[in-house]
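Asker: Dropping a prediction and its sequence here:
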Amino acid sequence: MNSSSPFKFSTGVIAYPLFFVLTIWIVFWAEVRFGYNFSKYGVYPQTLKGLRGVFLSPFVHGDIQHIYHNTIPLFVLSTALFYFYRQIAWKVLFYGILLSGFLTWCIGRSSYHIGASGLIYVLVSFTFFKGIFAKHYRLIALSLLVVFLYGSMIWYTMPVDNSISWEGHLSGLITGLLFAFIFKKEIAKPKKYAWEEAHYNEDDDPFLKHFDENGNFIETLPEDEVEEESLKIRYIFKDKEDH
């Protein structure tokens, strides 16, 4: 792949997501191994103490099933983020945790909201909407893949299960959509070939002069253009005896 390509694989594409996933598993292991309960470090809405969960809640999970369900989508989506959007990947992750956590603190029920699912919804939402807005065929393909894999997650942004923090999911969805609008710079642009330019061969190509701007064939050209073409094109015939 060309070094100037906006989509370039590097060690960080895998290493950073792997490090993040390992971190949440180490926190969970420490909680189980030493008998701690880190749930109190989650987001507790509308309380000053609960604000610490804005920073810490993505690293805290309730049980093995909870962390397992978050691990695979978190790794897959963050890997896609670092590959396709490496210039802004850290901003999306860092500010995504902060803003989605703060929105959860604002609208959530009086309970501890824990887990990385809010961040996962940030990544799903951002990846989908940014691909559509960028109008780049690779990013659109990524958006469609995200819909195929995680489209059903939209239902969990509504209060369908009291044991699930739908407020955190909704906050992540909103945050990702906002970021798709905000982060406009340093996004890959589709390559534009010379023949796609508006004025490509507009004046020089004698063949294209026989068609109007809508692609309709022009039977006769203006006399001045016919004379101009006759000066440009010459057909020379030589008899075999001349050789």
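Answerer: Cool, got the structure. Numbers count the residues shown, from 1 in each chain.
Asker: quick one, helices of the chain?
Answerer: 11-33, 53-56, 64-84, 89-107, 117-134, 137-150, 166-182, 223-232 (DSSP state H).
Asker: okay if I get those as TSV plus mean pLDDT, distance to Y41 and mean neighbour count?
Answerer: To be clear about C-beta, it is placed using only N, CA and C from the backbone, and glycine gets the same treatment. Shown next, in TSV, are the helices of the chain (pLDDT from 0 to 100; distance: least, Cβ to Cβ, whole Å; neighbours: other Cβ atoms under 10 Å):
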stretch	mean pLDDT	distance to Y41	mean neighbour count
helix 11-33	94	10	15
helix 53-56	95	4	19
helix 64-84	93	15	18
helix 89-107	96	12	20
helix 117-134	90	14	24
helix 137-150	80	27	16
helix 166-182	94	14	22
helix 223-232	52	77	11
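Asker: so which of those helices gets nearest P45?
Answerer: With Cβ to Cβ as the measure, helix 89-107 is the member of those nearest P45 (5.1 Å).
Asker: Can you name the residues in contact with the closest one?
Answerer: By Cβ atoms under 8 Å, 6 or more residues apart in numbering, the surrounding residues in contact with helix 89-107 are 16, 20, 43-46, 50-51, 53-55, 57-58, 78, 81-82, 85, 113, 118-119, 121-123, 126, 165, 167-168, 170-172, 174-176, 178-179, 183.
Asker: orientation of it relative to helix 64-84 in degrees?
Answerer: 140 degrees (axes from the mean of the first three to the mean of the last three Cα atoms, to 10 degrees).
Asker: How far does helix 89-107 sit from its chain's centre?
Answerer: Remark: helix 89-107 is offset 16 Å from the chain centroid, using Cα atoms, centre = their mean, to the nearest Å.
Asker: Repeat that for stretch 67-80.
Answerer: On Cα atoms, centre = their mean, the centre of stretch 67-80 falls 15 Å from that of its chain.
Asker: and what of stretch 143-150?
Answerer: With Cα atoms, centre = their mean, you get 11 Å for stretch 143-150.
Asker: try stretch 164-181
Answerer: With Cα atoms, centre = their mean, you get 14 Å for stretch 164-181.
Asker: ok, and what's touching it?
Answerer: So stretch 164-181 is contacted by 43, 45, 92, 95-96, 99-101, 103-104, 107-109, 111, 113-115, 117-130, 133, 153-154, 156-160 (Cβ under 8 Å, 6+ apart).
Asker: Would you mind writing the CA trace of that stretch as CSV?
Answerer: What follows is stretch 164-181, C-alpha atoms only, in CSV (Å, rounded to 0.1, in the frame of the first residue of the first chain):
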residue,chain,number,x,y,z
ILE,A,164,-29.4,-2.5,31.1
SER,A,165,-28.2,1.1,31.1
TRP,A,166,-30.1,2.3,28.1
GLU,A,167,-29.2,5.8,29.1
GLY,A,168,-25.5,5.0,28.6
HIS,A,169,-26.2,3.5,25.3
LEU,A,170,-28.3,6.4,24.1
SER,A,171,-25.6,8.8,25.3
GLY,A,172,-23.0,6.9,23.3
LEU,A,173,-25.2,7.0,20.2
ILE,A,174,-25.7,10.7,20.5
THR,A,175,-22.0,11.4,21.1
GLY,A,176,-20.9,9.4,18.1
LEU,A,177,-23.4,11.3,15.8
LEU,A,178,-22.1,14.6,17.1
PHE,A,179,-18.5,13.5,16.5
ALA,A,180,-19.4,12.5,12.9
PHE,A,181,-20.3,16.2,12.4
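Asker: domain ranges for this structure?
Answerer: 11-182, 194-242 (automatic domain parsing).
Asker: could you measure I26 against V60, distance?
Answerer: 12 Å (Cβ to Cβ, to the nearest Å).
Asker: again but with F75, I slipped
Answerer: Where V60 is concerned, F75 sits at a distance of 18 Å (Cβ to Cβ).
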